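S.K.: Requesting a structural model of the entry that follows:
(4 chains)
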2 protein chains.
Amino acid sequence: MKKKPVKERILDAALRLFNEKGFHGVSVEQIVEEANTSKGGFYHNFKSKDELLYQIHDVFITHAIEETKEAYNHYKTPITRLCAILDSFTKIFALYQSHITVFYQESMYLSESFQKAINLKRDQYRHLLEQVIREGQERGDFRKEIPANIVTLAIIGMINWTYKWFDQNGPLSMEAIADIFKDFVLHALITEAGKQEAGKVAKSFSR
Amino acid sequence: MKKKPVKERILDAALRLFNEKGFHGVSVEQIVEEANTSKGGFYHNFKSKDELLYQIHDVFITHAIEETKEAYNHYKTPITRLCAILDSFTKIFALYQSHITVFYQESMYLSESFQKAINLKRDQYRHLLEQVIREGQERGDFRKEIPANIVTLAIIGMINWTYKWFDQNGPLSMEAIADIFKDFVLHALITEAGKQEAGKVAKSFSR
DNA sequence: TTCAACATACCGACTGGTCGGTCGGTTATT
DNA sequence: AATAACCGACCGACCAGTCGGTATGTTGAA
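M.R.: Prediction:
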């Protein structure tokens, strides 16, 4: 039953430990012990402790971009796209909460080149959402008074912050929270003209 | 001109360095060098590196609570209070961006007792905002469909996240961003009944 | 089929260096 | 004189990363 490859065991153990004690609160020794392997096994699979951190980051952000693109392509109007993105967003956050905690707490300690790679993907992700907002404004669904880039950052902040307080065993599921967020954001953004569609859409989305 | 007390010099230096390289990226040696003092001077003023981190945290959060309480007491309706809180919030964030960066990145490394003290103040702060939302809902100014506690967390997340992207030298001032946030949040929350007041208030707030 | 040559995966004692914290001593203040 | 403020050499613990080694395939020529 212990047939998982070492690399995967290390990633799992590291994630668990980093999430609990932080990157600097965990030594490579502790990781390899938890993963039932050795220093040698570790450095055979990873160039450095940094690279391990980077890989943890990458798993999650890559997935997030993938999902968001899919949400974008699957729907055709700004309102539905926005809702779909918010849904996929929150879903990912429920799934990868540990990754994200590590991601945001520790990414500043990564080396320059790793940081660049990460930031590139973060930007990619942000632009996807921003584009949806912008298209919605052009189409007249979303209010033009508020600049798309700031709205984007506001939404991202709102969702990202959940990693600080969301409790998997709490009274509210992530889907329920997503519904609230969608309601909140749509009311903040939508124009009179967009209201009919939003009304229709809300039902199919917030089931 | 170099007559600042050592303790203050240490706090300043530490803040600058932590903000740049993170708590674990800076040694006590580096701090005392930057502050033009010595290890002895440091440990005469602080029990440990941890306590230094704690004090940096505390300065900011204490100020934030103070300001928020004042905003609450100075205004008498939920809408004006909410706007005032958002204003003070963002003002504090512009002023203490370094503190906040350190605050959120590193607080997990504090010892249990320090963490408790910090969390207590965070909660205090959150409850202030939540109460305003709740009062607004009871008074019929804010929509009741969305739970006050989640809305509170959404707003806090939105604002807190600015520490990640706000650029002091960027094109938008913090006041401008606060105006956008107020617009965003009010549109998300307000009922038909609340609209007249919001309209009036918006002018005095978003100057 | 066999075995030698090579490659990959993994092991764990060890090292070089760092860093938080101490302590005996010195200087400034009251 | 007495106390508080400050100095800086030093200590012990810790820790990322190394390195010489083993063990387990994998290939391919005889």
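S.K.: For the rest of this, base every contact and every neighbour count on C-alpha atoms.
M.R.: Will do.
S.K.: okay, the nearest residue to A:Ser111 once chain neighbours are set aside: pLDDT?
M.R.: Distances taken as CA to CA, 6 or more residues apart in numbering or on different chains place A:Asp50 nearest to A:Ser111, at 7.4 Å, with adjacent residues excluded. What the model reports for A:Asp50 is a pLDDT of 93.
S.K.: can you tell me the residue of chain A closest to DNA strand C?
M.R.: A:Gly40 (3.1 Å; CA to the nearest atom of the strand).
S.K.: Where does that residue sit: helix, strand or coil?
M.R.: helix (DSSP: H, G, I helix; E, B strand; the rest coil).
S.K.: what comes into contact with stretch A:34-49?
M.R.: A:6-7, A:9-10, A:12-13, A:28-29, A:32, A:52 (CA atoms under 8 Å, 6 or more residues apart in numbering or on different chains).
S.K.: ditto for stretch A:74-88
M.R.: With CA under 8 Å, 6+ apart as the criterion, stretch A:74-88 contacts A:64, A:67-68, A:71-72, A:129, A:132-133, A:135-136, A:141, A:175, A:178, A:181-182, A:197-198, A:201, A:205.
S.K.: Helices - which of the residues you listed land there?
M.R.: With DSSP state H as the criterion, helices contain A:64, A:67-68, A:71-72, A:129, A:132-133, A:135-136, A:175, A:178, A:181-182, A:197-198, A:201, A:205 from among the contacts of stretch A:74-88.
S.K.: Buried ones only from those, please, as a ChimeraX command.
M.R.: Here is the ChimeraX command that selects the buried residues among the ones in helices among the contacts of stretch A:74-88 (16 or more other CA atoms under 10 Å in any protein chain shown):
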select /A:64,67,68,71,72,129,132,133,135,136,175,178,181,182,198
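S.K.: on that earlier part again, dump the contacts of stretch A:34-49 to a markdown table, plus neighbour count.
M.R.: A markdown table is the format used below for these (neighbours: other CA atoms under 10 Å in any protein chain shown):
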| residue | neighbour count |
| --- | --- |
| A:Val6 | 18 |
| A:Lys7 | 17 |
| A:Arg9 | 19 |
| A:Ile10 | 25 |
| A:Asp12 | 16 |
| A:Ala13 | 19 |
| A:Val28 | 18 |
| A:Glu29 | 13 |
| A:Val32 | 20 |
| A:Leu52 | 19 |
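S.K.: Just those residues: which are in strands?
M.R.: Assignment to strands by DSSP state E places none of the contacts of stretch A:34-49 there.
S.K.: Of those residues, which belong to helices?
M.R.: Using DSSP H, the subset of these located in helices is A:6-7, A:9-10, A:12-13, A:28-29, A:32, A:52.
S.K.: Sort out which one of those residues lies nearest DNA strand D for me.
M.R.: Distance ranking of these against DNA strand D, using CA to the nearest atom of the strand, places A:Val28 first at 3.8 Å.
S.K.: Show the contacting residues for that closest one.
M.R.: So A:Val28 contacts A:39, A:49 (CA under 8 Å, 6+ apart).
S.K.: Quick check: it vs chain B, distance?
M.R.: In this view, A:Val28 and chain B are 16 Å apart by CA to the nearest CA, to the nearest Å.
S.K.: same question, A:Arg134
M.R.: Separation of A:Arg134 from chain B (CA to the nearest CA) stands at 16 Å.
S.K.: Neighbours of the residue nearest to that residue when sequence neighbours are not counted, how many?
M.R.: The shortest distance from A:Arg134 to any non-neighbouring residue, by CA to CA, 6+ apart, is to A:Ala148 (5.9 Å). Counted with other CA atoms under 10 Å in any protein chain shown, the neighbours of A:Ala148 add up to 21.
S.K.: so A:Ala148 touches A:Gly136, yeah?
M.R.: No. Counting by CA atoms under 8 Å, A:Ala148 does not reach A:Gly136; the two are 9.6 Å apart.
S.K.: Check the gap between the most far-flung residue of chain A relative to its centre and A:Ser27 for me.
M.R.: The outermost residue of chain A, judged against the average C-alpha position, is A:Gly40 (32.5 Å), by CA atoms, centre = their mean. Noted for A:Gly40: a distance of 14 Å to A:Ser27, by CA to CA, to the nearest Å.
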